[in-house]
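Enquirer: Any chance you can model this:
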Amino acid sequence: MEFADYLPIALMSILGIGFAGVSIFLSKKLAPHNPTPEKLAPYECGIVPLQDPVIRFPVKFYLVAMLFVIFDVEIVFLFLWAVRMDQFGWVGIGAVVLFMLMLIETLGYVWKRGALDWNVARRARNRRVVAPVATLDEAA
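Expert: Numbers count the residues shown, from 1 in each chain. I've put the predicted structure just below:
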């Protein structure tokens, strides 16, 4: 392929970026700008907030979300392999078996570390070990 083959793609990219830039610029310049307190107030389901939220999302939520994205992307690689499975032969099957073993090992590690466990009180590292209180008869 030569450079001339990419010219239509480059031209359409430049036109698309230029149209988006001109549209944003014109909307900023031509739109009326008259903010009122009602427009600046946060809006959520028609309920006026009376106070700031006191709780935040726990880090656990973001950890599970990141793990989901990571495992989801790895599944995409399996789909790509399945499309060309007949061309890879036994080497491809061996590579996917190795990939799946590493994927399962990673899932086991994450599970063992408690990253998928939302019940904080049940986790072993958060349990308190309390020594039994000796009674007066046992102490004597």
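Enquirer: Every contact and neighbour count from this point should use C-alpha atoms.
Expert: Will do.
Enquirer: Could you give the backbone dihedrals for residue 117?
Expert: As for residue 117, its main-chain torsions (degrees, to the nearest 10) stand at phi -90, psi 120.
Enquirer: how much space between it and residue 70?
Expert: 18 Å (Cα to Cα, to the nearest Å).
Enquirer: So between the two, which is more surrounded?
Expert: More crowded of residue 117 and residue 70, by other Cα atoms under 10 Å: residue 117, with 15 against 11.
Enquirer: what's the helix or strand containing residue 102 packed up against?
Expert: Assessed by DSSP states H and E, residue 102 sits inside helix 85-113. Applying 3 or more Cα pairs under 8 Å, 6 or more residues apart in numbering; DSSP states H and E, we find helix 85-113 packed against no helix or strand.
Enquirer: Let's test this: mean pLDDT of it, rounded?
Expert: For helix 85-113, mean pLDDT is 90.
Enquirer: now stretch 27-45
Expert: 82.
Enquirer: Same question for that stretch: list its buried residues.
Expert: Neighbour counts over stretch 27-45 (16 or more other Cα atoms under 10 Å) mark no residue as buried.
Enquirer: export it as PDB, just CAs?
Expert: In PDB, the C-alpha atoms belonging to stretch 27-45 read as follows (Å, rounded to 0.1, in the frame of the first residue of the first chain):
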ATOM      1  CA  SER A  27     -21.700  26.500  20.700                       C
ATOM      2  CA  LYS A  28     -19.500  28.200  23.300                       C
ATOM      3  CA  LYS A  29     -19.600  31.600  21.500                       C
ATOM      4  CA  LEU A  30     -23.300  31.600  20.400                       C
ATOM      5  CA  ALA A  31     -25.000  30.000  23.400                       C
ATOM      6  CA  PRO A  32     -26.600  32.300  26.000                       C
ATOM      7  CA  HIS A  33     -24.700  32.300  29.300                       C
ATOM      8  CA  ASN A  34     -27.000  33.300  32.100                       C
ATOM      9  CA  PRO A  35     -26.500  31.000  35.100                       C
ATOM     10  CA  THR A  36     -29.000  31.100  37.900                       C
ATOM     11  CA  PRO A  37     -28.800  29.400  41.300                       C
ATOM     12  CA  GLU A  38     -31.300  26.800  40.200                       C
ATOM     13  CA  LYS A  39     -29.100  25.900  37.200                       C
ATOM     14  CA  LEU A  40     -26.000  25.700  39.300                       C
ATOM     15  CA  ALA A  41     -27.500  23.500  42.000                       C
ATOM     16  CA  PRO A  42     -26.800  19.800  41.800                       C
ATOM     17  CA  TYR A  43     -29.800  17.800  40.600                       C
ATOM     18  CA  GLU A  44     -30.500  14.200  41.300                       C
ATOM     19  CA  CYS A  45     -33.900  12.600  40.800                       C
END
